[in-house]
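**Q** Predicted model, plus sequence, below.
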Amino acid sequence: MPRTHADEGVEDNYNLPGLALLGLGLIATALSLIAAANGFDGRAIAAAIIAAVLYLSGAVWLAAEWRRRNAQGRPNNIDRQGH
């Protein structure tokens, strides 16, 4: 969906939890790799499972927000521009 001005993406911050979940998934992936490199197999597997759950939940959140935004039917949402 095209943006009409630079700040429009910041005004609709309902996708921030999804982005935070993806960021936590990245951290869990790094922890999984560190645990695997140091020989902690059980912890590496647990961190990999947690990372997969975080990635999946973040992607689902972003997809739901994308569908919500498109269901509004107003790509040029003048009401939320703040000026």
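**A** That came through fine.
**Q** what mean pLDDT does stretch 56-73 have?
**A** For stretch 56-73, mean pLDDT rounds to 88.
**Q** If you count neighbours, what's buried in that stretch?
**A** Residues of stretch 56-73 classed as buried by neighbour count (16 or more other Cβ atoms under 10 Å): 57-58, 61-62, 65, 69. C-betas here are computed from N, CA, C, even on glycine.
**Q** For that stretch, which outside residues touch it?
**A** With contact meaning Cβ atoms under 8 Å, 6 or more residues apart in numbering, stretch 56-73 is reached by 1, 12, 14-15, 17-22, 24-25.
**Q** And for stretch 35-51?
**A** Stretch 35-51 is contacted from outside by 25-26, 28-29, 31-33, using Cβ under 8 Å, 6+ apart.
**Q** starting at the chain centroid, how far to that stretch?
**A** 22 Å (Cα atoms, centre = their mean, to the nearest Å).
**Q** Could you do stretch 30-42 as well?
**A** Its chain's C-alpha centre and that of stretch 30-42 lie 24 Å apart, by Cα atoms, centre = their mean.
**Q** Any stretches of this protein with poor pLDDT?
**A** For the chain, the stretches flagged by pLDDT under 70 are 1-12, 73-83.
**Q** Name the single longest helix found in it.
**A** As assigned by DSSP state H, the longest helix anywhere in the chain is helix 41-71.
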